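S.K.: Sequence first, predicted model second:
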Amino acid sequence: MPNLNKVFNRYQKKITSAENSRQLEKVRIEVLGRKGKINQLFSKIKTKPQEEKQSFGKELNRIKGKFENLIKSQSAKILPKKRAGKRIEKTTVGLEKIGHLHPITITENEINSLFRSMGFSIYDGPEIETDEYCFERLNVPKTHPARDLQDTIYIEEPEILLRTQTSSVEARLLEKEKPPFKAAFPGRVYRNEKVNKSNHFIFHHYQGVAVDRNISLKDLIGVFQKLFRQIYGTKVKARYRCKYYPEVEPGLGLDLQCFQCHGKGCQLCKGGGWIEMGGAGIIHPYVMEASGIDPKKWRGFAFGLGLDRWVMAKYKISDIRTLLGGNLAYKPNR
């Protein structure tokens, strides 16, 4: 037992005198590594007399635990010193490597924060959906192109599918909640799309809905003006077009001037100079009635954004495929 105490005292000084993570890691390997001092002592248990084996092994485990706690404590002392300097070492003992958030996550969090400041709640919903909530309750008739297998990925046709938009969460919310309410729901969606620079079969939607007594298009456009300026600055160029969507009436198409060609026309914007960022409008009376809400007493607006395109414009990413390609090169504020 005295020998074990000598071992601890000798290496204790090395651990507490380590000034950086490299020195500490070197001592850790020397003591706790596969060929370290502790494992060498464990291999000697079999040479001890039978009456000493149990007490020696118990004490050795206690010393090993003390080493582990001491190394962890010293690592915590080293880290603040390094953070105060100009350089932080990439490897620190006892700590996981820290990365940065994906651009989609950063943008989603920023938009969530903005909508929370406007009184919206943030919801989530299932990615595997039913035909009822993805289409029927949103006034999408059987003849609508979204019903075609070229767009929708079915799990069990015709009832079970991968959601094509987070409007399905809106349908569930309208059924469950009593107005007035405001809510937003980001998430992954799936469509059987041909993958190219501006389209992907997996992408992200950001859906929002507000129901109250006197809601109008003025309120909807006001929300988007604030959103565009928050994400892209006060000099942003956006436009609103009349457009048909079965779940809203009237409907609006939201466009952002192409960030790559600045309106001149390029491959990314398909020569039009503008990129469609989403759709919106006043919730159709049929959608309200399907959820048990009286459209004569209540009105609402709804919108759906192609979140990936908002990220591309924010970070000047010209190919949507790279967002899901596992590229570790993306860094915020770059």
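M.R.: Yep, it's here. Numbers count the residues shown, from 1 in each chain.

S.K.: can we go C-alpha only for contacts and neighbour counts from here?
M.R.: Fine.

S.K.: Quick check: residue 8 vs residue 69, distance?
M.R.: 12 Å (Cα to Cα, to the nearest Å).

S.K.: what about the two, which has more around it?
M.R.: residue 8 (17 against 11; other Cα atoms under 10 Å).

S.K.: quick one: that one and residue 62, what's the gap?
M.R.: Taking Cα to Cα as the measure, residue 8 falls 11 Å from residue 62.

S.K.: Kindly report the same for residue 122.
M.R.: According to Cα to Cα, residue 122 and residue 62 sit 49 Å apart.

S.K.: ditto for residue 235
M.R.: Residue 235 is 65 Å from residue 62, by Cα to Cα.

S.K.: Those two: which is more packed in?
M.R.: residue 62 (11 against 8).

S.K.: pLDDT value on the more buried one, please?
M.R.: As predicted, residue 62 sits at a pLDDT of 83.

S.K.: ok now do it, which residues does it touch?
M.R.: Taking Cα atoms under 8 Å, 6 or more residues apart in numbering, we find residue 62 in contact with no residue.

S.K.: Identify all contacting residues around stretch 275-284.
M.R.: For stretch 275-284, contacts defined as Cα under 8 Å, 6+ apart pick out 139, 216-217, 220, 245-258, 269, 299-307, 309-310.

S.K.: if you set the cut-off to 6 Å instead, what comes out?
M.R.: The contact list for stretch 275-284 (Cα atoms under 6 Å, 6 or more residues apart in numbering) reads 247-256, 258, 269, 300-306.

S.K.: go on, stretch 180-198?
M.R.: Contact partners of stretch 180-198, identified using Cα under 6 Å, 6+ apart, comprise 120-124, 150-153, 163-165, 201-212, 319-320.

S.K.: Ok, stretch 262-271 next?
M.R.: 257, 272-273, 275.

S.K.: Figure out how far whichever strand or helix holds residue 208 is from the centre of its chain.
M.R.: Using DSSP states H and E, residue 208 maps to strand 202-212. Relative to its chain's centre, strand 202-212 lies at 15 Å (Cα atoms, centre = their mean, to the nearest Å).
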